[in-house]
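Visitor: let me see the structure of the following:
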Amino acid sequence: MSFLPDALALILGYLLGSIPFGLLLTRGAGTSDLRSIGSGNIGATNVLRTGRKDLAAATLLLDALKGTIAVLVGARLSPEGAMIAGFAAFVGHIAPAWLKFKGGKGVATFLGCLFGLHWPVGLAFCGIWLGVAAVTRYSSLSALVASAAAPLILLALGHAGEAFVVGAMAALLWRKHAENIARLRAGTESRIGQKA
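Guide: Model (predicted):
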């Protein structure tokens, strides 16, 4: 293992992941400061609260792509670079230094990293998310279940190293969803399509 390529993967991954696409897109469109509405985070769900579905979709896609691109670039740098860069991109998204470490909840970037590491696991994540959402209509619960399943699927497929890294990402994702989990337990979490 070479230190410099791994360090470069870490730095590039974090920098890529910390690009606040939601904030940049909404600011460019002249909407309200994304950090002053809803949850105050920079992810696609909060962008949707501006009323701009097109910007929310673009944010979702770009936040996912930065995870995928980080993994693919990292893979070219070193044998462990894909996992290092993917994890760093995820951390960069949920805790960008230039936004006082207040970022998004990481679901799209998590998914993007999965597609970069092993695309079938990314598809499995999507399938689980859609299945749970169809039954419960809770977006947050769907993300929590799908993220918890992802490392288990990787482990079942024989990718122990990736499973460990993705498991750490899932733990951070759950931590970012602490308020959602509390609302789910209290029965006050908003459902998909529910009016505020």
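
Visitor: pLDDT below threshold where in this structure?
Guide: Confidence mapping of the chain against pLDDT under 70 gives the ranges 1, 38-40, 193-196.

Visitor: one more time with 50
Guide: Scanning the chain with the threshold set as pLDDT under 50 gives 196.

Visitor: the residue nearest to G67 when sequence neighbours are not counted: which element?
Guide: Nearest residue to G67 in three dimensions, chain neighbours excluded: G112, at 2.8 Å (CB to CB, 6 or more residues apart in numbering). Where you see a C-beta, it was placed from the backbone N, CA and C, and this is true even at glycine. Taking DSSP states H and E as the criterion, G112 maps to helix 107-117.

Visitor: go on, L12?
Guide: Secondary structure assigned from DSSP H and E places L12 in helix 3-17.

Visitor: contact partners of that helix?
Guide: Residues from elsewhere that reach helix 3-17, judged by CB atoms under 8 Å, 6 or more residues apart in numbering: 66-67, 69-70, 73-74, 77-78, 80-82, 84-93, 96, 109.

Visitor: tell me the buried residues within these.
Guide: 66-67, 69-70, 73-74, 77-78, 80-82, 84-93, 96, 109 (16 or more other CB atoms under 10 Å).

Visitor: quick one: residues contacting the closest residue to A170 other than its chain neighbours.
Guide: Distances taken as CB to CB, 6+ apart place S147 nearest to A170, at 4.3 Å, with adjacent residues excluded. By CB under 8 Å, 6+ apart, the contact list for S147 reads 107, 110, 125, 169-170, 173-174.

Visitor: H93 now?
Guide: H93 makes contact with 17-18, 63, 66-67, 103-104, 106, 109, according to CB under 8 Å, 6+ apart.

Visitor: that one: what secondary structure?
Guide: Three-state call for H93 (DSSP: H, G, I helix; E, B strand; the rest coil): helix.

Visitor: can you give me the helices in this protein?
Guide: 3-17, 21-28, 44-48, 53-77, 81-94, 107-117, 119-136, 139-156, 160-176, 178-186 (DSSP state H).

Visitor: list the buried residues of stretch 107-122.
Guide: So, applying 16+ other CB under 10 Å, buried residues of stretch 107-122: 107-118, 121-122.
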